[in-house]
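# Attaching a predicted model along with its sequence, questions to come.
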Amino acid sequence: MIRTLAVLAGALVLAAPAAAQDCATLADLEDELICPTCNTTLELSRSPVAERMRDYIRERTATCATKQAIKAELVAQFGEEVLAAPPKSGFNWLAWVLPLAGLAVAGVVVTVLARRWLRERAAAAPVVHSARVDPELERRVDDELARFDA
């Protein structure tokens, strides 16, 4: 009996923080929403519209509304421009895909140019031949060098 109560108490202790995580807070949403008046994030804006939005968020968080629900309600009222990051759907995908595509293209261009530059440098480098020298010529060079050393 005591063991069962201990297990139930432990489950409640672990379940309470998990349930509380679904509820949004003002701090969670302030940096994800933009004031429609001054076009800055809600955390930086001090306009009357931003204050009304913060009041609305406080009311909704008091009823344990989720971030998605609050965002959806604000988008319905103000439009998608109220979101700091565009949604990942439809035409807005370009805002997510184009920077990544630009980085990929830049990486390919840099790689191609670097390889071409290295190839040109290798082609312009002097070629050292390791051909054998005639023994008679080698003896004469050694004699001449010995004469200058003495």
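Looks like it came in fine.

# where along the protein do the helices fall?
Applying DSSP state H to the chain gives helices spanning 2-20, 26-30, 48-62, 67-78, 93-124, 135-149.

# Let me have those in a markdown table, extended by mean pLDDT and mean neighbour count.
Yep, even glycine has a C-beta here, placed from its N, CA and C like the rest. Formatted as a markdown table, the helices of the chain follow (pLDDT from 0 to 100; neighbours: other C-beta atoms under 10 Å):
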| stretch | mean pLDDT | mean neighbour count |
| --- | --- | --- |
| helix 2-20 | 53 | 9 |
| helix 26-30 | 88 | 16 |
| helix 48-62 | 92 | 16 |
| helix 67-78 | 91 | 15 |
| helix 93-124 | 89 | 10 |
| helix 135-149 | 89 | 9 |
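
# May I see the ones you listed arranged in JSON lines, with distance to T37 as well?
Shown next, in JSON lines, are these (distance: least, C-beta to C-beta, whole Å):
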{"stretch": "helix 2-20", "distance to T37": "33"}
{"stretch": "helix 26-30", "distance to T37": "15"}
{"stretch": "helix 48-62", "distance to T37": "5"}
{"stretch": "helix 67-78", "distance to T37": "10"}
{"stretch": "helix 93-124", "distance to T37": "22"}
{"stretch": "helix 135-149", "distance to T37": "88"}
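
# To T41, which of those lies closest?
Taking C-beta to C-beta, helix 26-30 is the member of these nearest to T41, at 6.7 Å.

# Give me the distance from the closest one to the chain's centre.
Per C-alpha atoms, centre = their mean, to the nearest Å, the displacement of helix 26-30 from the mean C-alpha position of its chain is 21 Å.

# Give me the contact list for that helix.
T41, L42, E43, R54, I57, R58, T61, K67, I70, K71 (C-beta atoms under 8 Å, 6 or more residues apart in numbering).

# Alright, that wraps it up for me.
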